[in-house]
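Asker: what shape does this take:
(one chain, ligands or ions: 1)
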Amino acid sequence: MSVVLITGGAGYIGSHATSVLTAAGHQCVLVDDLSNSCVDRVRWALSEAKGNARFIEADITDIASMHEIIRSTSPDAVVHLAALKNSRASLDAPAEYDRVNTQGTAAVVSAMDHANCHKLVFASSAAVYAKSPNALEVTRSPTVPTTPYGRTKLESENNLGQLVSADHRWNIAVLRFFNAAGAHPTSRPTSHEPPVSHDLLSTLCKSTESSGPPVEIMGTHHPTDGGTAIRDYVHVMDAAGAISKVVAQLDLASGCHIWNIGTGKGTSVFQLIALFNSIAGRTVDTVQGRPRSGDPPQLCR
Ligand SMILES: NC(=O)c1ccc[n+]([C@@H]2O[C@H](COP(=O)([O-])OP(=O)(O)OC[C@H]3O[C@@H](n4cnc5c(N)ncnc54)[C@H](O)[C@@H]3O)[C@@H](O)[C@H]2O)c1
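Answerer: Next up is the predicted model:
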């Protein structure tokens, strides 16, 4: 059994990763400032962990706190998920995304180094790509982020790569997540929960709960079959499973390794809405809108 500290542990992927990691026999320490989560989500994660996890409320950009937390909890590995993740919002707040995502990652790494913990899983994103990468040659696929969010992820990846080159004690796994979707069967959104995501699937689910405006389809003239954007949706339990598998392998592979976490199967916005309508048994109102700035037409593993 090892101790795994999860930054952003109260978040969407983090709470599911807690469930999977504790089921695999790890003790988890969840660190989160709850800026995009809530106490009920923490309760769910802790109940899934069955006594094998605890929660510490803290901001990863508070360097002194991070040093103290990592020193006092002595994790064997850190899964670093805490970040701002809204590509669209990052266009309006690039400095804040740099502060939390890039500098926050540096603070976590510094605290780990001081505590002599050198095993890290870093949550990167498909947002480092402008188009679908070559599934078999991750490291040779061109990385051209189209938003400040994607740039913070790529910059952190580059910093981690340099760190490993300079200090061979580090074992780092970079996971470039595609679009996580779905939920653990016992996970339920609560009324206190902030909008953890602005992705299409969440928007479709919310549209069935209230009589709000129609769901906007952002771009119907993309150079794709059907004209809407195509994305790779990976179930959040599979994303959490990937984290757990990588944590188990961290001892075996020194250096910095990069993986794409997706299915390789693309689903267009039109296809997703049609599937949603057929499962929900109703037709969601939609309206055609303009494409979002920085939104690649197609991104699949
Ligand atoms: N969900 C996806 O589809 C997806 C896709 C690609 C990459 N990612 C990456 O995976 C990671 C987890 O994503 P998620 O979907 O679970 O997001 P999320 O927003 O649900 O979880 C992130 C958590 O980090 C916390 N947080 C934010 N800033 C913090 C800070 N300064 N200090 C402490 N905690 C802070 C939030 O409160 C939240 O609970 C992120 O790094 C994200 O960029 C997610």
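Asker: can you report phi and psi for Met218?
Answerer: For Met218, the backbone dihedrals (degrees, to the nearest 10) come out as phi -90, psi 90.
Asker: which residues touch it?
Answerer: By Cβ atoms under 8 Å, 6 or more residues apart in numbering, the residues touching Met218 are Ala229, Val269, Gly289, Arg290, Pro291, Arg292, Asp295. Quick note: C-beta positions are derived from backbone N, CA and C, even for glycine.
Asker: which positions in the protein make contact with the ligand?
Answerer: Taking Cβ under 6 Å from any ligand atom as the contact definition, the chain meets the ligand at 8, 10-14, 32-37, 59-61, 81-83, 85, 100, 104, 123, 125, 177, 179-180, 196.
Asker: next, format the contacts of Met218 as a markdown table and append secondary structure and pLDDT.
Answerer: Below are those laid out as a markdown table (DSSP: H, G, I helix; E, B strand; the rest coil; pLDDT from 0 to 100):
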| residue | secondary structure | pLDDT |
| --- | --- | --- |
| Ala229 | coil | 94 |
| Val269 | helix | 95 |
| Gly289 | strand | 91 |
| Arg290 | coil | 89 |
| Pro291 | coil | 89 |
| Arg292 | coil | 86 |
| Asp295 | coil | 89 |
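Asker: picking up where we left off before, please narrow the residues of the chain next to the ligand to those residing in helices.
Answerer: Judged by DSSP state H, these include Tyr12, Ile13, Gly14, Gly104 as members of helices.
Asker: and for Ser244, the neighbour number?
Answerer: 21 (other Cβ atoms under 10 Å).
Asker: apart from its neighbours in sequence, what residue is nearest it?
Answerer: If the residues on either side of it in the chain are set aside, Ser244 comes closest to Val20, at 4.6 Å by Cβ to Cβ, 6 or more residues apart in numbering.
Asker: so which elements touch the strand or helix carrying that neighbour?
Answerer: Here Val20 sits within helix 12-23, counting by DSSP states H and E. Packing contacts for helix 12-23, counted by 3 or more Cβ pairs under 8 Å, 6 or more residues apart in numbering; DSSP states H and E, involve strand 3-7, strand 27-32, helix 39-49, strand 77-80, helix 236-249.
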